Every structure is written in C-alpha cells, then in structure tokens.
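Colleague: Return atomic coordinates for the entry below.
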Amino acid sequence: MRSPREFQAVHASGARNLPLDRLDPEHLADLCGGAKERPVLILCQGGTRAKAASRTLDAAGFTAT
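Modeller: Got it, this is the predicted structure:
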C-alpha cells in the first residue's frame, strides 16, 4: 500500500507494490493463486492506508486472521 517512492526506498523482500488507489481485490486474489484465505501482509508508512486496504479486502471476501 506504499506509494511508489516509499516502496522504492524500503520494502519487504519479495513484496509487490499495490498502491491503495489501484488496489483491485480480484487481481490480488489472482496473485495469491485465486485464494482469498491466503495470508496477505499489508504495509504502509503510517497505517492509515493499510487500514483502508484491509476494509476493502474484507468487503471483497478476504479472510482476516
């Protein structure tokens, strides 16, 4: 959920950058092999975008753990 600039500066190894304004839950599910119950780590700099992304994914049927 980081901006491209934030992602370029620092990110978790193997991470994919999906900025909040371009978050597509179905595309993310495809990246996870079609499973909405696989773990997804959501990171942003301050937590606000991660919370918004979490709500979007919850509404799309992703399972929170």
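Colleague: where does residue 65 land on pLDDT?
Modeller: Looking at residue 65, its pLDDT is 62.
Colleague: cool, residue 44 as well?
Modeller: Residue 44 carries a pLDDT value of 83.
Colleague: which residue is nearest the centroid of the chain?
Modeller: The chain has residue 42 as the residue nearest its centroid, 4.6 Å off, counting by C-alpha atoms, centre = their mean.
Colleague: any idea how far that one lies from residue 57?
Modeller: 8 Å (C-beta to C-beta, to the nearest Å). In this view, the C-beta of every residue, glycine as well, is placed from N, C-alpha and C.
Colleague: Averaging pLDDT per element, find the lowest-scoring helix or strand in this protein.
Modeller: Least confident helix or strand of the chain, by mean pLDDT, DSSP states H and E, is helix 4-9 with a mean of 86.
Colleague: helices or strands up against that one?
Modeller: Packing contacts for helix 4-9, counted by 3 or more C-beta pairs under 8 Å, 6 or more residues apart in numbering; DSSP states H and E, involve no helix or strand.
Colleague: Report the outermost residue of this structure with respect to its centre.
Modeller: residue 9 (17.5 Å).
Colleague: who's in contact with the closest residue to residue 59 other than its chain neighbours?
Modeller: Nearest residue to residue 59, sequence neighbours excluded (C-beta to C-beta, 6 or more residues apart in numbering): residue 25, at 8.0 Å. By C-beta atoms under 8 Å, 6 or more residues apart in numbering, the contact list for residue 25 reads 36, 56, 57, 59, 60, 61, 62.
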